[in-house]
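**Q** predicted model, plus sequence, below.
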Amino acid sequence: MLQEADRVVATHDIHGLVGEDIRQGAASVIIGHSGHEMPTFRVRFTVTPDRTAYLLTKWRRRCAYCDAGGTGPTGVPLNIDHIHPRSIGGGNRISNLTLACIPCNQRKGAQPVSVFLASDPTRLARVLSQASRPLIDAAAVNSTRRALQQALAGTGLPMATGSGGLTRFNRTLNGLPKSHTLDALSVGIVAGITAYPAEAHVAKSTGRGKYQRTGVDQYGFPNRTFTSKKTHFGFATGDLVTATIATGKYASTHTGRVMVREKGKFDIRTSTGLAQGISYKHCRLLQRADGWQHSRQVEACLA
């Protein structure tokens, strides 16, 4: 069941779409809020989830000819329309596709867009300009993605790939909330997702310190110096430690990454805040700093 406001259906047969019920089975394209029963639409070109997601973003989820659309219960159903009709030589390239509400799509029919919008030259120019304009930074993202895919393939490990639109489609179809880990679970061809872990292991890169030995103020002028010695009293900044304090302002057990000081008063960064001025005598080493911070995070869930 779809859980989001944008209903994107591009399977091989849809004999009606009522509420959030999807019956799969002949070629159909319906985009928009599905609050009412919709008739079957037949098309002669392949519409993939990533293509519909691209068009929704490019055209801001609105009809190119009247600006109707939006999301939520008041959203207007949108169709994918050929700007230059196929009957007069228009192709199926993404630059020839746009979004149109059902009334505009029916009125336009097989007319050239220049004829349909002859009375509104400003909108005609905007539609033609937007149709030929790619998404910002799409080329850079595609190049980076291709290089990453080749690097991962070189490891010889099992790997699944898919577009962002397909990932979103899989996640939505399986009723999953939005999170990085659940997106990873939804990549590629997914037959179905029946369960997922309640917690995720999060690894954050923290680095191994810095070479800078002089601190600066807000204007960029030097105002303090840092020691070149990284270890004090057997501890180094970034080590995972635990400290139990019996009395005082920070009376509690603090577990987290330590920031060492030459005088033996350390700061410990925990999941709830920063405990300052903790004596090294209270600290017990759990793990040496290795450039990574590990934690457990509760997985996202639907409200």
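**A** Structure received. Numbers count the residues shown, from 1 in each chain.
**Q** residue ranges with poor pLDDT in the chain?
**A** By pLDDT under 70, the weakly predicted segments of the chain are 1-47, 72, 135-137, 302-303.
**Q** distance of residue 143 relative to residue 159?
**A** Distance from residue 143 to residue 159, counting by Cβ to Cβ, to the nearest Å: 19 Å. In this view, the C-beta of every residue, glycine as well, is placed from N, C-alpha and C.
**Q** can you give me the domain assignment for the protein?
**A** 7-131, 138-196, 214-294 (automatic domain parsing).
**Q** need the winner for burial among those domains.
**A** domain 7-131 (a mean of 16; mean count of other Cβ atoms under 10 Å).
**Q** quick check on residue 225: phi, psi?
**A** phi -120, psi 150 (degrees, to the nearest 10).
**Q** what's near enough to touch it?
**A** Counting by Cβ atoms under 8 Å, 6 or more residues apart in numbering, residue 225 touches 213, 214, 215.
**Q** any chance of JSON lines for those, columns secondary structure?
**A** Listed next are the contacts of residue 225 as JSON lines, based on DSSP: H, G, I helix; E, B strand; the rest coil:
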{"residue": "213", "secondary structure": "coil"}
{"residue": "214", "secondary structure": "strand"}
{"residue": "215", "secondary structure": "strand"}
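**Q** now, which of these sits nearest residue 179?
**A** Ranked by distance to residue 179 (Cβ to Cβ), these are led by residue 215 at 37.1 Å.
**Q** surely the closest one and residue 221 touch.
**A** No - using Cβ atoms under 8 Å, residue 215 is not in contact with residue 221; the gap is 10.1 Å.
**Q** give me the phi and psi angles of residue 256.
**A** phi 170, psi -170.
**Q** quick check: it vs residue 283, distance?
**A** Going from residue 256 to residue 283 by Cβ to Cβ gives 11 Å.
**Q** do the same with residue 212
**A** 25 Å.
**Q** one more: residue 73?
**A** Counting by Cβ to Cβ, the gap from residue 73 to residue 283 is 56 Å.
**Q** give the contact list for the residue lying closest to residue 179 once chain neighbours are set aside.
**A** Nearest residue to residue 179 in three dimensions, chain neighbours excluded: residue 300, at 3.9 Å (Cβ to Cβ, 6 or more residues apart in numbering). Listed by Cβ under 8 Å, 6+ apart, the contact partners of residue 300 are 177, 178, 179, 182.
**Q** which one of the residues you listed is nearest residue 60?
**A** residue 178 (19.8 Å).
**Q** was I right about that closest one contacting residue 167?
**A** No - contact criterion Cβ under 8 Å: residue 178 and residue 167 do not qualify, at 10.5 Å.
**Q** residue boundaries of the helices in the protein?
**A** 49-58, 102-108, 113-116, 121-131, 138-153, 164-173, 180-185 (DSSP state H).
**Q** looking at the ones you listed, which is closest to residue 232?
**A** Of all these, helix 180-185 comes closest under Cβ to Cβ, at 36.4 Å.
**Q** identify the residues contacting the closest one?
**A** 167, 171, 176, 193, 196, 200, 299, 300.
**Q** show me the contacts for residue 59.
**A** 98, 99, 130.
**Q** likewise residue 259?
**A** Counted by Cβ under 8 Å, 6+ apart, residue 259 has contacts 237, 266, 267, 268, 269.
**Q** reformat the residues you listed as JSON lines; add distance to residue 293.
**A** Output for these, formatted as JSON lines (distance: Cβ to Cβ, whole Å):
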{"residue": "237", "distance to residue 293": "12"}
{"residue": "266", "distance to residue 293": "17"}
{"residue": "267", "distance to residue 293": "15"}
{"residue": "268", "distance to residue 293": "13"}
{"residue": "269", "distance to residue 293": "9"}
